[in-house]
Each structure stands twice: as C-alpha cells, then as structure tokens.
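Engineer: Below are the sequence and a predicted model; questions follow.
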Amino acid sequence: MQRIKLAHGYLAVSIHPQARTMQPIKNILLVEDDIDDQSFFINAISTLDNVALQHISINGIDALDNLLHSTTLPDLIFMDINMPLMNGLECLAEIIKNPYLRNIPVIMLSTSAQQATLTRAMGACAFIQKPSSEELLRNKIEYTVSLDFSRSNRAVALLN
C-alpha cells in the first residue's frame, strides 16, 4: 500500500509492482477538486500495471506548488478543467510558461467535450471527456499512458 497525501488527509492506494509489467511505470499527478471524481480515477487505474499515482492536488495552485517543490516530477499530469482558486486552463498556461515543467505532458479532463479544442490550442497533449463508466475511463487512461508524448513526437489525442 502506498499513502497519497491529500489536502484533507491521506489515501491508501494499492500500487502494482513493476515486476508484473514489461512497460515502465508512469507516475501520475492527478489535479482534481472533486473527491468523488478522485475516487473514480483511483479505482479506474487500480488494475493498470504501468501506472502509479504520485500525488493528488485539489486545484491549480496546489498542483503548481507540488510540482515546483517536488524532488521527482510526474511523467504525466491528468488535470480537471473546472476547479476553484485556479482552474485547469490557468494551471496549464503556468506549466507551459515554466521551463522546468513545460515538458511534462498534460492531459485535460472535463465532462464537456466542448473544451477539447481550446485545451489543444493552449498546449495540452490530450483531452479526455470524463465518462460515466469506470471501465471506459480505465481504457482511456490506459490508452493515453501508452502514447508517446516525447517532445519530438508530441501528438494531441482527443479521447471522447
């Protein structure tokens, strides 16, 4: 069990050992203010062997603080758009401006597919419309994690 520090306490998460997979484990930062959506995301990734939840931030300010003070940066950031204090689009803009953070692929999450074009234009690597099914979310995350977001191959994925 791994303990993830949340703003309102700790969350125990079972992480699969890397020995069970041939793919390298991708560390994820989840930026999501809604506790139910956090749990939904955690449940969706719980059976993925190549994913580890590094941290959960509850808004853009918390995410930037975590990123700028972390000794280990995440491989991917999954970020909700609608959050208090600093929303996902504002946080994405700050990440892209920062030379220390700009190469971390950011995948935007929203219940509305209308945000997809805007997030791509702002520099997000992918957009996932939040599904109502945990299995569908797991499939979208699994597919997204398998994509090559290296700087030379920075393709944008739209996963509705």
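Structural biologist: Perfect, thanks for sending it. Numbers count the residues shown, from 1 in each chain.
Engineer: What's the local residue count around residue 122?
Structural biologist: Residues lying near residue 122 (other C-beta atoms under 10 Å) number 16. C-betas here are computed from N, CA, C, even on glycine.
Engineer: Which residues are in contact with it?
Structural biologist: 89, 92, 93, 96 (C-beta atoms under 8 Å, 6 or more residues apart in numbering).
Engineer: Pretty sure the first one sits against residue 80.
Structural biologist: No: contact criterion C-beta atoms under 8 Å: residue 89 and residue 80 do not qualify, at 10.4 Å.
Engineer: Counting neighbours, go ahead and name the busier of the two.
Structural biologist: Legend: neighbour count by other C-beta under 10 Å for residue 89 and residue 80, higher for residue 80 (25 against 19).
Engineer: could you pull out the strands for this protein?
Structural biologist: According to DSSP state E, the chain carries its strands in the segments 2-6, 9-13, 26-31, 51-57, 76-80, 106-110, 126-129, 157-159.
Engineer: How much space separates the nearest residue to residue 47 once chain neighbours are set aside from residue 68?
Structural biologist: Leaving aside its chain neighbours, residue 47 sits nearest to residue 138 (6.9 Å; criterion: C-beta to C-beta, 6 or more residues apart in numbering). Note on residue 138: its distance to residue 68, by C-beta to C-beta, to the nearest Å, is 30 Å.
Engineer: The two: which is more packed in?
Structural biologist: Counted by other C-beta under 10 Å, residue 138 and residue 68 do not tie: residue 138 has more neighbours, with 19 against 12.
Engineer: residues touching the residue nearest to residue 47, list them.
Structural biologist: So residue 138 contacts 44, 45, 47, 48 (C-beta under 8 Å, 6+ apart).
Engineer: ditto for residue 27
Structural biologist: Neighbours of residue 27 in contact, by C-beta under 8 Å, 6+ apart: 52, 53, 54, 72, 74, 75, 76.
Engineer: Among those residues, name the buried ones.
Structural biologist: 52, 53, 54, 74, 75, 76 (16 or more other C-beta atoms under 10 Å).
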